[in-house]
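**Q** the following comprises the amino acid sequence and a computationally predicted model.
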Amino acid sequence: MCKHILILIISFLFVIAVFADESDNSTILIISSYNPETSNVASNISDLMNEFALLDRDKTRRFNIENMNCRNFPDAAGWKNRMYEILQKYSGKNTPDMIILLGQEAWSSFISQNDERLQLIPIMSGMASRNAIVLPDSLINLTDWEPESIDVLKDMKKYNIVAGYFIEYDIEKNINLILDIYPNAKNIALITDNTYGGVALQAHVRQNMKKFPQLNFIPLDGRKYSIYTITQVLSNLPENTVILLGSWRVDSNEGYFMSNSTYSLRDVNPNIPAFTLTTLGLGHWAIGGYVPEYRSRGKEMARQVVNYFNKSSTDDVQIEIVPNNYVFDYKRLENIGYNFKKLPPNSEILNKGETFWEKYSSQIIMVGLGFVIFFGVFLFILRSYINIRKLNHELENSQIEIEIAKERAEESDRLKTAFIANMSHEIRTPLNAIVGFSNILAMGDCTQEEMNNYKNIIYTNSDLLLILINNIMDFARLEVDSVQFDICDCEIVSICNSAISSVFRTKNENIEVVFNPPVDSFVINTDANRLQQILSNLLLNSSKFTQEGKITLKFEIDEKNNRILFSVTDTGCGIDKSKHEIIFKRFQKLDVFEQGTGLGLPISKLTINKLGGDIWIDPDYTNGARFVFSHPIKLNRELFKKPT
């Protein structure tokens with residue numbers, strides 16, 4: 001009897017020691033998907049950790065961050081094992097106090113685990129849809145797989161969800177909205193891409209379309225279509241079809257596209273009406289939709305975590321559904337002659353601003369026509385007289401100008417020759433990597449780890465090759481002034497965060513990236529994609545010449561002068577003052593040994609000049625390089641209007 005009591009006492013003391021040891025190493029594990037869809041994941045994590053540090057009274061818990069690096073849906077069969085390896089790393093004494101799952105891929109990988117011990121760990125989810133799919137088996141043909149959509153919130157206790165934010169796509173409200181505006185609609189064509197989010201959204205829509213038997217469902221699936229083949233399908237859609245936009249980031253060729261790729265899809269068949277489930281296409285394609293309020297919720301998640309650990313009872317689940325709102329494009333509704341009074345209450349309207357010219361153009365033309373006819377002859381004679389005087393002056397100076405033009409042409413030829421040689425080298429380098437490692441993979445004589453490394457090298461060099469070609473095409477279009485700008489109201493804080501995320505996808509421990517906006521949100525008139533391109537070029541340029549230290553992105557609001565001043569500051573090697581002017585000229589490259597075509601800065605200057613701003617290097621900053629550019633807050637949209 002005494003022996004049993006002694007064993008119980010020793011066991012009790014051992015348990016106390018274990019818990020005491022664990023309390024000294026309390027951790028909160030963050031597992032993020034890090035796929036292209038979740039470009040704001042870095043902002044969410046930063047906000048969460050900073051807010052938690054301010055609110056946590058105990059100061060005993062620390063964060064561990066694991067990235068699954070999910071990208072395309074064809075890799076989905078391996079996500080479950082990737083999640084398993086991460087969870088094994090944090091088992092036993094390393095078991096965290098809470099697991100925070102960010103992104104749909106991380107969430108789906110977690111609920112696909114068959115480990116009952118995970119039910120003992122509190123789970124928080126963010127940036128994930130409540131309508132998910134269970135990860136597929138590796139033997140399944142992913143292209144034709146039609147998974148069942150499940151509502152994870154119905155099994156909250158099963159997964160031990162204690163807090164978090166879930167996105168809910170209300171398919172029924174969007175279909176009813178379409179039928180309200182287009183009662184003769186017979187077909188719904190859903191565009192989704194080759195990502196987990198796209199496949200899960202298609203499954204959710206397919207399930208809800210059963211409530212509308214009168215409508216024919218046409219899935220335009222990125223698993224089956226590339227950016228080229230989907231345009232053929234779009235151009236041949238049947239009559240009375242309405243397009244429903246879901247996601248478009250990755251196609252069947254696993255090529256990654258920026259958001260501006262939807263412009264090319266729109267232009268294939270612009271007469272077919274389009275609506276959106278996810279804000280994709282808003283502002284340039286979609287008429288509207290009932291969409292979630294996408295924004296960083298890191299601070300709110302931090303408060304949920306603190307509330308969970310501070311309360312005495314853990315029975316209450318702090319689950320919040322991200323609210324949805326009706327959002328519409330004013331110009332699209334106006335083009336179809338829709339009665340704005342029929343819009344749902346509290347609807348958000350985009351592109352509503354109307355200039356004086358747009359409102360009274362016909363009246364102004366009528367009045368101006370008489371004025372032009374009256375003074376036409378006089379102006380013609382006056383112009384002819386001025387031109388004759390100019391011609392005499394030009395004849396006197398023509399020889400000098402010919403000599404100057406000859407020198408410029410020779411210099412331009414030399415620069416072009418150097419540029420072509422550099423471009424050939426830049427394109428050959430990633431092509432050699434792609435071809436070489438593809439041949440190695442085809443031979444098959446390598447380990448799984450080596451295969452994964454070779455695949456990553458091929459992906460990286462493919463992205464590099466795409467960036468090179470896009471830069472060359474952008475520069476050519478800007479040179480001949482054939483670029484069309486899509487000016488609308490844009491929120492610059494999110495644009496800055498997206499630029500940082502696109503350049504610094506993986507964290508460099510030697511470089512600290514700092515962005516502390518002076519306001520939480522600020523809206524200007526701009527082309528969001530072009531502004532993000534300028535910021536990305538400057539950040540990428542700084543990262544090339546900063547081996548260690550800090551890169552700082554800032555902006556200042558100067559409403560008095562109707563402008564925003566953006567700056568990118570680094571602690572790198574700096575730029576000689578004698579090179580401050582020529583660095584923005586075409587075909588100039590200060591370091592021929594640095595990778596890149598040397599077009600990033602000239603493209604940025606051409607773009608910002610066309611947007612009414614300017615760019616320069618701060619001559620007073622000596623600890624590296626500081627690029628500064630100005631951008632108007634309000635733009636005259638008429639100047640950017642596409643010709644009809």
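**A** Received, thanks.
**Q** where do the strands sit along the stretch 251-400 of the chain?
**A** Residue ranges of the strands in the stretch 251-400 of the chain, as given by DSSP state E, counting those that start in this stretch, are 274-276, 288-292, 318-321, 324-329, 348-350.
**Q** just put the ones you listed in JSON lines and tack on distance to residue 94, mean pLDDT and mean neighbour count.
**A** No exception for glycine: its C-beta is placed from N, CA and C like everyone else's. Conversion of the strands of the stretch 251-400 of the chain to JSON lines gives the following (distance: least, Cβ to Cβ, whole Å; pLDDT from 0 to 100; neighbours: other Cβ atoms under 10 Å):
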{"stretch": "strand 274-276", "distance to residue 94": "43", "mean pLDDT": "96", "mean neighbour count": "25"}
{"stretch": "strand 288-292", "distance to residue 94": "35", "mean pLDDT": "95", "mean neighbour count": "24"}
{"stretch": "strand 318-321", "distance to residue 94": "25", "mean pLDDT": "84", "mean neighbour count": "15"}
{"stretch": "strand 324-329", "distance to residue 94": "39", "mean pLDDT": "94", "mean neighbour count": "20"}
{"stretch": "strand 348-350", "distance to residue 94": "46", "mean pLDDT": "91", "mean neighbour count": "16"}
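**Q** among those, which is nearest residue 617?
**A** strand 348-350 (35.9 Å; Cβ to Cβ).
**Q** where are the low-confidence patches of the stretch 351-500 of the chain?
**A** 353-360, 411-426, 460, 464, 467, 471, 474-482 (pLDDT under 70).
**Q** and the helices in it?
**A** Assigned by DSSP state H, counting those that start in this stretch, the stretch 351-500 of the chain shows helices spanning 356-443, 448-479, 492-503.
**Q** ok, back up a step: identify whichever of the strands of the stretch 251-400 of the chain lies nearest to residue 432.
**A** strand 274-276 (41.2 Å).
**Q** what strands flank that closest one, and is each parallel or antiparallel?
**A** Partner strands and pairing direction for strand 274-276 (DSSP bridges) are strand 241-245 (parallel).
**Q** count the neighbours of residue 377 for me.
**A** Other residues within reach of residue 377 by the criterion other Cβ atoms under 10 Å amount to 9.
**Q** from residue 291, how far out is it?
**A** Distance of residue 377 to residue 291, computed by Cβ to Cβ, to the nearest Å: 57 Å.
**Q** one more: residue 364?
**A** As defined by Cβ to Cβ, residue 364 lies at a distance of 37 Å from residue 291.
**Q** ok, for residue 577, nearest residue in space, not its chain neighbours?
**A** Sequence neighbours aside, residue 619 is the residue nearest to residue 577 in space, at 6.1 Å (criterion: Cβ to Cβ, 6 or more residues apart in numbering).
**Q** could you do residue 91 as well?
**A** Counting by Cβ to Cβ, 6+ apart, the nearest residue to residue 91 once its immediate chain neighbours are dropped is residue 117, at 7.8 Å.
**Q** re the thing from before, so which of the strands of the stretch 251-400 of the chain gets nearest residue 113?
**A** Nearest to residue 113 among these is strand 318-321; the distance by Cβ to Cβ comes to 20.2 Å.
**Q** list of residues touching that closest one?
**A** 130, 153, 156, 161-168, 300, 304, 307-308 (Cβ atoms under 8 Å, 6 or more residues apart in numbering).
**Q** paired strands for it, with orientation please.
**A** Taking DSSP bridges as the criterion, strand 318-321 pairs within the sheet with strand 161-167 (parallel).
**Q** need the contact list for the closest residue to residue 323 other than its chain neighbours.
**A** Closest residue in space to residue 323, ignoring its immediate chain neighbours: residue 293 at 5.4 Å, by Cβ to Cβ, 6+ apart. Shown here is residue 293, whose contacts under the criterion Cβ under 8 Å, 6+ apart are 322, 323, 324, 325.
**Q** which of the residues you listed sits closest to residue 234?
**A** Among the contacts of residue 293, residue 324 lies closest to residue 234 (Cβ to Cβ), at 26.7 Å.
**Q** my guess is that closest one contacts residue 279. True?
**A** No - in this structure, residue 324 sits apart from residue 279 without contact. The criterion is Cβ atoms under 8 Å, and the distance is 10.8 Å.
**Q** gap between residue 566 and residue 633?
**A** When Cβ to Cβ is applied, the distance between residue 566 and residue 633 equals 12 Å.
**Q** okay, these two: which has more neighbours?
**A** residue 566 (23 against 17).
**Q** pull out the buried residues from the helix or strand containing that one.
**A** Applying DSSP states H and E as the criterion places residue 566 in strand 563-570. Neighbour-count burial for strand 563-570, with 16 or more other Cβ atoms under 10 Å as criterion, is recorded at 563, 564, 566, 567, 568, 569, 570.
**Q** and the closest residue to residue 503 other than its chain neighbours, its phi and psi?
**A** Once its chain neighbours are removed from consideration, residue 503 has its nearest residue in residue 539; the separation is 4.4 Å (Cβ to Cβ, 6+ apart). Main-chain dihedrals, residue 539, degrees, to the nearest 10: phi -60, psi -40.
**Q** verify the stated contact: residue 539 with residue 545.
**A** No - counting by Cβ under 8 Å, residue 539 does not reach residue 545; the two are 11.7 Å apart.
**Q** between those two, which has more neighbouring residues?
**A** Comparing residue 539 with residue 545 by neighbour count (other Cβ under 10 Å), the higher total belongs to residue 539, at 23 against 17.
**Q** identify the residues contacting that one.
**A** Listed by Cβ under 8 Å, 6+ apart, the contact set of residue 539 reads 499, 500, 503, 504, 551, 553, 568.
**Q** go again using 7 Å as the cut-off
**A** Residue 539 makes contacts with 499, 500, 503, 551, 553, 568, as judged by Cβ atoms under 7 Å, 6 or more residues apart in numbering.
**Q** could you do residue 522 as well?
**A** Under the criterion of Cβ under 7 Å, 6+ apart, the contact list for residue 522 reads 491, 492, 493, 557.
**Q** 6 Å instead, please
**A** residue 492 (Cβ atoms under 6 Å, 6 or more residues apart in numbering).
**Q** also the one 3 residues further on?
**A** With contact taken as Cβ under 6 Å, 6+ apart, residue 525 is in contact with 487, 634, 635.
**Q** and for residue 281, the neighbour number?
**A** Residues contacting residue 281 under the criterion other Cβ under 10 Å number 24.
**Q** pLDDT value on it, please?
**A** Residue 281 is assigned 91 on the pLDDT scale.
**Q** look up how far residue 352 lies from it.
**A** Spatial separation of residue 281 from residue 352 under the definition Cβ to Cβ is 18 Å.
**Q** what of residue 632?
**A** 19 Å.
**Q** can you check residue 134 too?
**A** Counting by Cβ to Cβ, the separation of residue 134 from residue 352 is 43 Å.
**Q** also residue 299?
**A** As for residue 299, its distance to residue 352 is 30 Å (criterion: Cβ to Cβ).
**Q** and what of residue 496?
**A** Residue 496 sits 25 Å away from residue 352, going by Cβ to Cβ.
**Q** between these two, which one's more packed in?
**A** Neighbours around residue 496 and residue 352, counted as other Cβ under 10 Å, are more numerous at residue 496. The numbers are 21 against 14.
**Q** quick one: residue 214 from residue 373, how far?
**A** Using Cβ to Cβ, one obtains 58 Å as the distance from residue 214 to residue 373.
**Q** one more: residue 133?
**A** When distance is defined by Cβ to Cβ, residue 133 is 68 Å away from residue 373.
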